[in-house]
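Enquirer: what's the 3D shape of this:
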Amino acid sequence: MSTVAFTAFTLIGVDAQKFLQGQVTVHVERLMENQTRYTAICDLKGRIHFGLWLKKINSESFEIITTQDQSEEFAKHIKKFGAFSKMKLEAIGSVFPTVVDIHTEFSAVETDIQAWQLQAIKTGQAWICQVSEHEFQPQELRLHQREGVHYDKGCYLGQEIVARLWFKAKPKHWLHLIQGQGEAPAPASQLNNDVEVVNSIQTTKGYTALVVAKPAAIEELGLQILDLPKALNGDVARPSN
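Expert: This next block holds a predicted model:
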């Protein structure tokens, strides 16, 4: 599997927080300062267009990380939708990831990205790249269980669909960690109609992957389901009480 690369941006200006609040699935106003959270900008169908790591320095200054292959399209999106907002997006350059608990932090210090990929997959940190745009809904990736989606924050792109799935339905497919034999399947590839790959990496025992799937379909393929961290192991649906 090819190694993923990351690009950092700054978004600075008096309108930065207000603008992001109307774009991403996380409640930007409630974000703790200097804490990175993985969140999403959705399309109008409620599927993730851009996956991004968002760090709030203060209400007028944010650091945003995307995969390198999404960075150019992301910058165009921000400049298009934020054309009349008092803020400026600037690309800073390449950054490198480190797993901290079940989240990822970035710095300019070079790290082993393949080691990060394996750790991220094992801790349920699904990430979106160019080939997996418009494939997955935030709830399917358990973003709400890792503080990347808030359902009480008001309007953003795709919010009506995302909220409807949460309040009136239940996902038919959701994120699982699996171990398989043979060659690692590519992101966005389907192992069958009910198992779609989000991220994968080759290991000495075959491959480890995050998939959005029905549990029964994983078992039918003879794949082993591994435990995710406790915070991500529960039911993805809204509690009924």
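
Enquirer: where exactly do the helices run in the chain?
Expert: Here the chain has its helices, by DSSP state H, at 16-21, 68-81, 113-122, 159-168, 215-220.

Enquirer: so which of the ones you listed is the most packed in?
Expert: Greatest average neighbour count among the helices of the chain goes to helix 16-21 (a mean of 21), per mean count of other Cβ atoms under 10 Å. Using the backbone N, CA and C atoms, a C-beta is placed for each residue, glycine as well.

Enquirer: using PDB, list the CA coordinates for that one.
Expert: The C-alpha coordinates for helix 16-21 follow below in PDB (Å, rounded to 0.1, in the frame of the first residue of the first chain):
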ATOM      1  CA  ALA A  16     -13.000  31.800  10.500                       C
ATOM      2  CA  GLN A  17     -14.900  30.200  13.300                       C
ATOM      3  CA  LYS A  18     -18.400  31.200  12.000                       C
ATOM      4  CA  PHE A  19     -17.400  30.000   8.500                       C
ATOM      5  CA  LEU A  20     -16.200  26.600   9.700                       C
ATOM      6  CA  GLN A  21     -19.300  26.200  11.900                       C
END
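
Enquirer: re the thing from before, quick one: closest of the helices of the chain to residue 200.
Expert: Closest to residue 200 of those, according to Cβ to Cβ: helix 113-122, at 7.3 Å.

Enquirer: pLDDT (mean, whole number) over the closest one?
Expert: Helix 113-122 carries an average pLDDT of 97.

Enquirer: so what's the closest residue to residue 9 other than its chain neighbours bridging to?
Expert: Using Cβ to Cβ, 6 or more residues apart in numbering and skipping residues adjacent in sequence, the residue nearest residue 9 is residue 64, 4.6 Å away. Here residue 64 shows beta-bridge partners residue 9, residue 54, assigned using DSSP bridges.

Enquirer: what helices or strands is the lowest-mean-pLDDT helix or strand in the chain leaning on?
Expert: Least confident helix or strand, the chain: helix 159-168 with a mean of 86, by mean pLDDT, DSSP states H and E. With contacts taken as 3 or more Cβ pairs under 8 Å, 6 or more residues apart in numbering; DSSP states H and E, helix 159-168 sits against strand 36-42.

Enquirer: contacts for the least confident helix or strand of the chain?
Expert: 25, 42, 44-46, 137-139, 144, 149, 151, 171, 238 (Cβ atoms under 8 Å, 6 or more residues apart in numbering).

Enquirer: narrow the residues you listed to those in strands?
Expert: If you go by DSSP state E, these have residue 42 in strands.

Enquirer: tell me the mean pLDDT for stretch 187-200?
Expert: Averaging pLDDT along stretch 187-200 gives 96.
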